[in-house]
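*Asks:* Build me a model:
(2 chains, ligands or ions: 4)
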Amino acid sequence: MPIHEKSLIRPENLVEHDELVIDGVDVSGHWSTFIETRAISDYNEDLQDEIGALGGGENIHRCWQCGSCTNACTVNAINPDFNPRYWIYLIRLGMESELVRDKDIIWQCVSCNKCTYACPRDVNPEGVMKATAHWLEMKGHTEKKPSMIFDEAFSEQVFDTGKIEDGLVLRQFFQRTGQPLTQPWLVTLVTGLIKRFPVFYLMRLGLATVFRPRTKGWSRAKAAINEYVEEVEAANRKALKLDAKGAE
Amino acid sequence: MSGKYQKVAYYPGCALEGSGHAYNRSTKAVGKKLGLDLVELKNWNCCGAMEVKNIDPKIQTYLSARNLSIAEDMGFDTVMAPCNGCYHNLKKAEYDLENDEASREVNSRLSGKAGHNTYESGKVETIHALDWIKHSVGEEGIKDRVKNSLKGLKVANYYGCMYTRPRHIFPEKDKGPGSESTSKPHFMDELLAAAGAENVDYPLKTACCGGAHALSDSDTSTKLVLNLLTTAEACGADVIATECPTCHTGLEMHQIRAEKVLGRKTSVKILYFTQLLGMAMGLSPKAVGVHENFSDSMSLIKEKKLA
Ligand code: SF4
Ligand code: SF4
Ligand code: SF4
Ligand code: SF4
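*Replies:* Ligands and ions are numbered 1, 2, ... in the order given. Sure thing, here's the model as predicted:
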């Protein structure tokens, strides 16, 4: 059975009669299993265009469903439900409600680009995954995922100063996702280093917060980038037919 | 092979100023030992790593274009980036500026407003630290300078994702003998072999460590890294050689996390290829920043008499 038909055999779409005799033959229980008739009427005909309008999704229309992306995919190897080809299929058909069922795993793409390497149609499935994850959040289907929180913390620093300080990104990320900095493995990581090189490391940790690394003469680039980001956000919201920022 | 890349612009990137400082130190030390000149890009900016493109890919292209324009202003036609992320992004920007009108537009607009030259594709060549050593002094140059051979050291060479994927942004790869391969890269293997190392046949050279989600989806990363580590051990490796600060730190972090969270202890060591080359050429562990690594490799270094 092709994967895009797996929705047909979800438990809620199967019907069984506990006691059923047809033409004198007892077909009680699983002998009488049948699939509920289903008519799909809630297509979102603009789904492909919406995702294609977001950064990375531009080439989704080129997909011919060969499956090379899923076959090569790093995350698929550890979770078979992570299936780029399937999601591209749903998007191109406009099956929004089916796509939304996987809202909690699509963001897990690790950007390894094995799919992009394998794709014969230049679809850039990695970009499509990011655009889809972005779309799910913008449409309010899901809360902001940790990866987006991380991307934002990181990018804000780059736009602001031209550089990042990895300790600060880490602290901000843990703060914004409400995780303690005292997780045992993190503590082991840091104390292992401190044991071998205490002064330097402590100094760097301390100084970097006071003197953040920055690119000289960055202020004009910062203004230009921030202006552009606002335009992109407005264009994205328009493409998804969302109200102006903040309305949600 | 010799002659090329004697003096190049150097783009260390943010990771090499922070958690990957050992790579910075060892790259510079090795360059010095080999008589190669590195001139750091003035006022460079972060390339956006794997994050900014998720806000908007064209900003990421601009970030790299700005760095390339600086190299051009400084009179260089080659920029060397030791970090896979930086290297990948510079290459990607080069490709997009060559092939995508919209990227060119955004770049010229942002460059204009930021008040610097607009970089145009084709002016500056981006190379990785591996290309740099391979094409400047090559294996022969390494062999001539080896003082402490890496003989008997079993190495798994790990290149990660961004050095080879996607293929189209690396037009110089897969060009037959002498060129790098995107499916089975070999430059690091060759340089370390020249220093005496015994490379194991490691099938996961270009597998992914989950670095993009090292923190945001750490369970996935830990699983991926654990697989890299146990496979290296199964291949008989004493050490995994790395050529990227993100891969390197990812392996170190999740080696610890696998032990603390999953109870899976692995003992294979993790060192930058520049640290191994440096020690082979007689530099002390300290001179190549072994003390700056998160994981402790001194026992192996002493056992193999590299210190
Ligand atoms: S590899 Fe490309 S063409 Fe094939 S299914 Fe995936 S996206 Fe579509
Ligand atoms: S980039 Fe994402 S979708 Fe593509 S192969 Fe890697 S994990 Fe899978
Ligand atoms: S990839 Fe990493 S090191 Fe390179 S500039 Fe970007 S953030 Fe900084
Ligand atoms: S191996 Fe890991 S860190 Fe290295 S490039 Fe891939 S994801 Fe990034």
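*Asks:* just the strands in the stretch 51-200 of chain B please.
*Replies:* Applying DSSP state E, counting those that start in this stretch to the stretch 51-200 of chain B gives strands spanning B:78-81, B:125-128, B:154-158, B:198-199.
*Asks:* average model confidence for the last one?
*Replies:* Averaging the model's pLDDT scores along strand B:198-199 yields 98.
*Asks:* cool, and stretch B:274-281?
*Replies:* 98.
*Asks:* With chain A in mind, check whether it reaches it.
*Replies:* No. Stretch B:274-281 is not in contact with chain A by CB under 8 Å from any CB of the partner chain; minimum separation 14.7 Å. The way it works is simple: take the backbone N, C-alpha and C, and place the C-beta from them, glycine included.
*Asks:* what's the nearest residue to residue A:62 once chain neighbours are set aside in contact with, if anything?
*Replies:* Excluding its sequence neighbours, the residue lying closest to residue A:62 (CB to CB, 6 or more residues apart in numbering or on different chains) is residue A:121, at 4.6 Å. When contacts are counted by CB atoms under 8 Å, 6 or more residues apart in numbering or on different chains, residue A:121 is found next to A:59, A:62, A:63, A:64, A:66.
*Asks:* Could I have the buried ones of those as ChimeraX selection syntax?
*Replies:* Of those, the buried ones can be selected in ChimeraX as follows, counting by 16 or more other CB atoms under 10 Å in any protein chain shown:
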select /A:59,63
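*Asks:* where does chain B have low pLDDT?
*Replies:* Across chain B, the ranges flagged by pLDDT under 70 are B:1-2.
*Asks:* do that again at 80, thanks
*Replies:* Chain B contains residues with pLDDT under 80 at B:1-3, B:214-215.
*Asks:* Domain map for it?
*Replies:* B:7-128, B:142-303 (automatic domain parsing).
*Asks:* hang on, the earlier thing: quick one: secondary structure of the residue nearest to residue A:62?
*Replies:* Under DSSP: H, G, I helix; E, B strand; the rest coil, residue A:121 falls in the coil class.
*Asks:* Out of the strands of the stretch 51-200 of chain B, flag the one nearest residue A:25.
*Replies:* strand B:154-158 (62.1 Å; CB to CB).
*Asks:* That closest one: which residues count as buried?
*Replies:* B:154, B:155, B:156, B:157, B:158.
*Asks:* can you give me phi and psi for the residue lying closest to residue B:55 once chain neighbours are set aside?
*Replies:* Take residue B:55 and drop its neighbours on the chain: the residue closest to it by CB to CB, 6+ apart is residue A:155, 4.8 Å away. Main-chain dihedrals, residue A:155, degrees, to the nearest 10: phi -60, psi -40.
*Asks:* Distance of residue A:155 relative to ligand 4?
*Replies:* Here residue A:155 is placed at a distance of 17 Å from ligand 4 (CB to the nearest ligand atom, to the nearest Å).
*Asks:* I'd like to know which helix or strand in chain A has the lowest mean pLDDT.
*Replies:* Lowest by mean pLDDT, DSSP states H and E among the helices and strands of chain A is helix A:198-210, with a mean of 49.
*Asks:* does the helix or strand that that one is followed by come close to chain B?
*Replies:* Where DSSP states H and E defines the elements, the next helix or strand beyond helix A:198-210 is helix A:219-239. Yes. Using CB under 8 Å from any CB, we find that helix A:219-239 touches chain B at A:220, A:221, A:223, A:224, A:225, A:227, A:228, A:229, A:232.
*Asks:* looking at those, which has the most residues close by?
*Replies:* For the residues of helix A:219-239 next to chain B, neighbours were counted using other CB atoms under 10 Å in any protein chain shown, and residue A:225 has the most, 25 neighbours in all.
*Asks:* surely it meets residue B:60?
*Replies:* No. Shown here, residue A:225 and residue B:60 do not form a contact pair, counting by CB atoms under 8 Å, at 10.7 Å.
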